[in-house]
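Visitor: this one's sequence-less:
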């Protein structure tokens, strides 16, 4: 049976998974697992841990550790994830999309779900040699360039691709499940203002209110033609950087719980408006957006001008306010690091929305 939590994840279950996938030899035996949580203040929507593996025998070339992802510990967060299909999307992404990507994602040894029992588990390679930077500090312009170039690989490969229609489990930007985010936003707004509104000026409050009123219109505007696969949580915490001196894939993208089919500018806007400091974003924003657009064109995307990319970007910045509003008004943040992260994202994203002139010319 799939584990419902890390406490349910036994050596025998992990041994069976690794043996079935050919990761360990048939004679290998897992004796113990020691968990080190890796997502404190980061993994709000799932429980994430490094599993150090002790073998009774047959270790050979078997991995000394793997990363395990199971449902969130907080009841409210877990219920939201199952209700909106977040866990199912990640499981099916690794099963159906990841094998054909040029973009580097973790190698997955198990990706399974039982929706009725509210259980899921993903077991993946441990990328301990890669660097996970802190979203509180912000992504540098140089790192952002790497992240934008990786995005272009994903977006160009799926840009208006016929295969998009086959991914029925991945919502479109304006499907009913994504449009429901508008109601979540508006329901979360009063508590968000109570918790974090004291740090916002009148222009930022007005931008937040506009984001709530216009969520559905923004989602419709970011759907339709020029659609691709969007990660939709493309932030610094979900990017692992390798040694830049090594030619092989210096960037790995993790956490595929919320992909949708829509305009790729949503990922660019999310990264720049919530993972960059305000000063760095203001200095680098146009250059990085143009880099993304230039890479798309170089990879064969046609009929999508830079003016449209800029408009989509501004729309996506305002739409993206749903993330800090819902995190700050509806979710169990769990610890002080998560609270500080939301404070930081609130400052960056609401400032970006004002800088984009909020709703001026967007709708």
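Guide: The structure has been received and is ready for your questions. What you are looking at is a predicted structure, and each value in this text was computed from that prediction instead of being measured.

Visitor: So which helix or strand of this structure has the lowest pLDDT on average?
Guide: Ranked by mean pLDDT, DSSP states H and E, the weakest helix or strand in the chain is helix 75-83, scoring a mean of 83.

Visitor: Centre-most residue in this structure?
Guide: For the chain, the residue nearest the mean C-alpha position is residue 233 (2.7 Å; C-alpha atoms, centre = their mean).

Visitor: show me where the stretch 251-363 of the chain has helices.
Guide: Ranges of helices in the stretch 251-363 of the chain, per DSSP state H, counting those that start in this stretch, are 265-275, 278-298, 306-319, 322-330, 336-355.

Visitor: which stretches of this protein have low pLDDT?
Guide: The model of the chain has pLDDT under 70 over residues 39-44, 245-249, 330-334.

Visitor: Domain map for it?
Guide: When the chain is parsed with automatic domain parsing, its domains come out as 6-125, 131-355.

Visitor: Run the chain-centre distance for the last one.
Guide: Mean C-alpha position of domain 131-355 versus that of the full chain (C-alpha atoms, centre = their mean, to the nearest Å) differs by 9 Å.

Visitor: Equivalent analysis for the shortest one, please.
Guide: On the basis of C-alpha atoms, centre = their mean, domain 6-125 sits 17 Å off its chain's mean C-alpha point.

Visitor: State the helix or strand in which the residue nearest to residue 326 when sequence neighbours are not counted lies.
Guide: Excluding the flanking residues, the one nearest residue 326 by C-beta to C-beta, 6 or more residues apart in numbering is residue 188, at 4.8 Å. C-beta: built from backbone N, CA, C; applies to glycine. According to DSSP states H and E, residue 188 maps onto helix 181-196.

Visitor: what's in contact with that helix?
Guide: 205, 208-209, 211-212, 215-216, 219, 321-322, 324-326, 328-330, 342-343, 346 (C-beta atoms under 8 Å, 6 or more residues apart in numbering).

Visitor: Let's see that with 7 Å instead.
Guide: With contact meaning C-beta atoms under 7 Å, 6 or more residues apart in numbering, helix 181-196 is reached by 211-212, 215-216, 322, 325-326, 328-330, 342-343, 346.

Visitor: So residue 110 lies in a strand, does it not?
Guide: Yes: Residue 110: assigned to a strand according to DSSP: H, G, I helix; E, B strand; the rest coil.

Visitor: doesn't residue 125 make contact with it?
Guide: No: Residue 110 is not in contact with residue 125 according to C-beta atoms under 7 Å; the separation is 11.5 Å.
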